[in-house]
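> need a structure here:
(one chain, ligands or ions: 2)
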Amino acid sequence: MKNPEHVQRVISALRKEGTDKLQVISDFDMTLSRFGFNGRRCPTSHNILDNSRVISEEGRKKLKDLLQYYYPIEIDLNQPMEEKRPLMVEWWTKAHNLLLEQKILKSDIAKIVRESEVMLRDGANTFFDQLHQHNIPLFIFSAGVGDVLEEVLRQVEVFHPNINVVANYMDFDDKGVLRRFKEPLIHTYNKNNTVLEKTEHFQLLSSRTNIILLGDSLGDLSMADGVPNVENVLTVGFLNDKVDERRGKYRDAYDIVLEKDETLDVVNGILCYILGDLN
Ligand code: C5P
Ligand code: MG
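Ligands and ions are numbered 1, 2, ... in the order given. Prediction:
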């Protein structure tokens, strides 16, 4: 924490003002899901598809090449966002086009997820269940694949009715074959109001003026931009990769930075305190 007093002040305010005013806004990949396990990288919602058996070997190689080229750009803090934005559109567009070539079936998604190595962070069940029990809306704002991340949540039985997802959703033809990705395209650096314009999500939650925001990219910090009349915001950032070189910028940007922490324990502790489950 760069400013522990600020963090303390915000957490006290969130607790004092109660659950009726609170909403949680979270990224999905590498924030709710694990970045690594036993020294191996865990897949993002895109990678779940990329690595699956339904993708041809050639397709898999091309998708991996894209990841190796664009991921370092995505996380490079020396390149300005304005330069990175068109490159992210390029990455997502090329990857989605490759996926479209593979004629993925809607009916295969559950199996693809089941056979993947995706894992949620330790403590995820407590996190989802706490928010559900206290009727706190959880908005998952993801540049990943909506159909896939929903299925991940369903398979671990945490896709509760308090959850709303905005992400890149697939569109299937009447035979259940993937035919396109729905608009607007969401990538790491446009997770803001520009892609939420057609949803009334935040307007419907206008009394929820206190926010806990969870992310792993600096692009995630704009996820709450569309919330009207914000009063108190607590931002928690998971710093998963290139920790030493990115620590300074993350501490400047996020209220709390968790370095290589594969758990949701800190967030769960804060929620427990705010929700009054702990005195
Ligand atoms: O849910 P979130 O917004 O984190 O999802 C986006 C993540 O997916 C990015 O951090 C990016 O590294 C990853 N990605 C990927 N393959 C793509 C495009 C994005 O793994 N084709
Ligand atoms: Mg992420």
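
> contacts, neighbours, all on C-alpha from now
Will do.

> wait, doesn't residue 261 sit right on residue 236?
No - counting by CA atoms under 8 Å, residue 261 stays clear of residue 236, with 11.8 Å between them.

> So for the two, which residue has more residues nearby?
residue 236 (25 against 17; other CA atoms under 10 Å).

> for that one, helix, strand, or coil?
For residue 236, the secondary-structure state derived from DSSP: H, G, I helix; E, B strand; the rest coil is strand.

> ok, it touching residue 251?
No - the pair residue 236 / residue 251 is not scored as a contact, 9.9 Å apart, by CA under 8 Å.

> Could you name every residue contacting both of the two?
Common neighbours of residue 236 and residue 251, using CA atoms under 8 Å, 6 or more residues apart in numbering, are residue 257.

> Please report phi then psi for the single nearest residue of the stretch 101-250 of the chain relative to ligand 2.
Nearest residue of the stretch 101-250 of the chain to ligand 2: residue 216, at 5.0 Å (CA to the ion). Dihedral pair for residue 216: phi -130, psi -10, per degrees, to the nearest 10.

> swap in residue 182?
Torsion angles, degrees, to the nearest 10, at residue 182: phi -70, psi 150.

> Kindly report the residues of the stretch 101-250 of the chain close to ligand 1.
142, 143, 144, 188 (CA under 6 Å from any ligand atom).

> can you map out the strands along this protein?
Using DSSP state E, the strands of the chain run over 22-26, 36-37, 40-41, 138-145, 163-168, 170-172, 178-181, 210-215, 232-239, 256-259.

> Mind listing residues that contact the first one?
The one in question is strand 22-26. Counting by CA under 8 Å, 6+ apart, 14, 32, 136-141, 208-215, 223-224 sit against strand 22-26.

> can you rerun that using 10 Å?
Strand 22-26 is contacted by residues 14-15, 32, 131, 135-142, 163-165, 202, 205, 207-216, 220-221, 223-224, 232-236, 274-275 when judged by CA atoms under 10 Å, 6 or more residues apart in numbering.

> Apply the buried test to the residues you listed and list what passes.
By neighbour count, with 16 or more other CA atoms under 10 Å, the contacts of strand 22-26 hold 14-15, 32, 131, 135-142, 163, 165, 202, 207-216, 220-221, 223-224, 232-236, 274-275 as buried.

> okay, now the residue in the stretch 1-150 of the chain that ligand 2 sits nearest to: neighbour count?
The minimum distance from the stretch 1-150 of the chain to ligand 2, using CA to the ion, falls at residue 29 (4.1 Å). The local packing of residue 29 (other CA under 10 Å) involves 25 other residues.

> Would you mind saying which of the strands of the chain lies nearest residue 81?
Closest to residue 81 of those is strand 138-145 (CA to CA; 15.7 Å).

> Just the angle for the closest one relative to strand 22-26, thanks.
In terms of direction (axes from the mean of the first three to the mean of the last three CA atoms, to 10 degrees), strand 138-145 departs from strand 22-26 by 10 degrees.

> Adding mean pLDDT, write the strands of the chain out as TSV.
TSV is the format used below for the strands of the chain (pLDDT from 0 to 100):
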stretch	mean pLDDT
strand 22-26	98
strand 36-37	98
strand 40-41	96
strand 138-145	98
strand 163-168	97
strand 170-172	98
strand 178-181	98
strand 210-215	98
strand 232-239	98
strand 256-259	98
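
> So for residue 68, which of those sits nearest?
Judging the strands of the chain by CA to CA, what sits closest to residue 68 is strand 40-41, at 13.3 Å.

> Tell me where the stretch 1-150 of the chain has helices.
Residue ranges of the helices in the stretch 1-150 of the chain, as given by DSSP state H, counting those that start in this stretch, are 4-17, 45-50, 57-75, 81-101, 109-114, 124-133, 146-155.

> Deepest in the core, which of those helices is it.
helix 45-50 (a mean of 22; mean count of other CA atoms under 10 Å).

> wait, does it make contact with ligand 2?
No - shown here: helix 45-50 not in contact with ligand 2 (CA under 5 Å from the ion), separated by at least 9.9 Å.
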